[in-house]
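A.B. asks: need coordinates for the below:
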Amino acid sequence: MPDRRHALGLLASLPIAPLAAHAADDAKEFDEDSIFKAAVAFFGNTAEGLGKVIEKAFKEQGRPNAYIQGEEASGALTVGLRYGDGTLVMKAGTRRKVFWAGPSIGFDVGGNAAKVFTLVYKLPSAGALFRRFPAVEGSFYYVGGAGINYQRVDGITLAPIRLGVGLRSGVNMGYVHYRAEKSLNPF
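C.D. replies: Alright, predicted model coming up:
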């Protein structure tokens, strides 16, 4: 009998908190499969390599608690501008229209239009998105291309995945200002 009591005591002492914490994360964050399905539905089946880009983001950043689906256009001749709009979708169910714009400067020339699927990490509320996020980007678009980069401010990380068309190449830095209302002012 002592072996049975000992085994029951060990079983009772096993931590169940990690299981509960994982279940709580499931309620607050998207899993990789859900994000992949949403991205394929948004980009369409022509998005080659999308799975690898999403896998990379999950490996480097973990599970997002929101994402933005949208479109943007940008152009540059050393100094550049970017404008976009889309919908923020939070795991908690919040959906909100979002607009963004921003200037850039660098060794960058050309123009492109892109569909953008942005993974959002550690966003406490929809309103916390509306601020400037620094951005450094290197791109080369020739007819079509895909890319991902990271933007971070105050613990919030954005990982835009762009699938676009155009003729543009170079490296630039600047910022992207996310807003609740549309504005032509990139600053």
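
A.B. asks: go through the helix or strand residue 107 falls within and flag the buried ones.
C.D. replies: According to DSSP states H and E, residue 107 maps onto strand 95-121. Neighbour-count burial for strand 95-121, counted by 16 or more other C-beta atoms under 10 Å, picks out 96, 98-104, 106, 108, 110-112, 114-121. Placement of C-beta: from N, CA and C, glycine included.

A.B. asks: helices and strands around it, which ones?
C.D. replies: helix 32-43, helix 50-61, strand 66-90, strand 132-142, strand 156-179 (3 or more C-beta pairs under 8 Å, 6 or more residues apart in numbering; DSSP states H and E).

A.B. asks: just checking: what are the partner strands of the last one?
C.D. replies: What it means is strand 156-179. Strand pairing for strand 156-179, determined by DSSP bridges: strand 95-121 (antiparallel), strand 132-142 (antiparallel), strand 145-148 (antiparallel), strand 151-153 (antiparallel).

A.B. asks: what's the closest non-adjacent residue to residue 108?
C.D. replies: residue 170 (3.2 Å; C-beta to C-beta, 6 or more residues apart in numbering).

A.B. asks: any idea of the pLDDT on the one you found?
C.D. replies: Residue 170 is assigned 73 on the pLDDT scale.

A.B. asks: okay, and the beta partners of it?
C.D. replies: Beta-bridge pairing of residue 170 under DSSP bridges involves residue 108, residue 139.

A.B. asks: reformat the helices and strands packed on strand 95-121 as CSV; add mean neighbour count and distance to residue 185.
C.D. replies: Below are the helices and strands packed on strand 95-121 laid out as CSV (neighbours: other C-beta atoms under 10 Å; distance: least, C-beta to C-beta, whole Å):
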stretch, mean neighbour count, distance to residue 185
helix 32-43, 16, 28
helix 50-61, 16, 30
strand 66-90, 19, 10
strand 132-142, 17, 12
strand 156-179, 20, 9
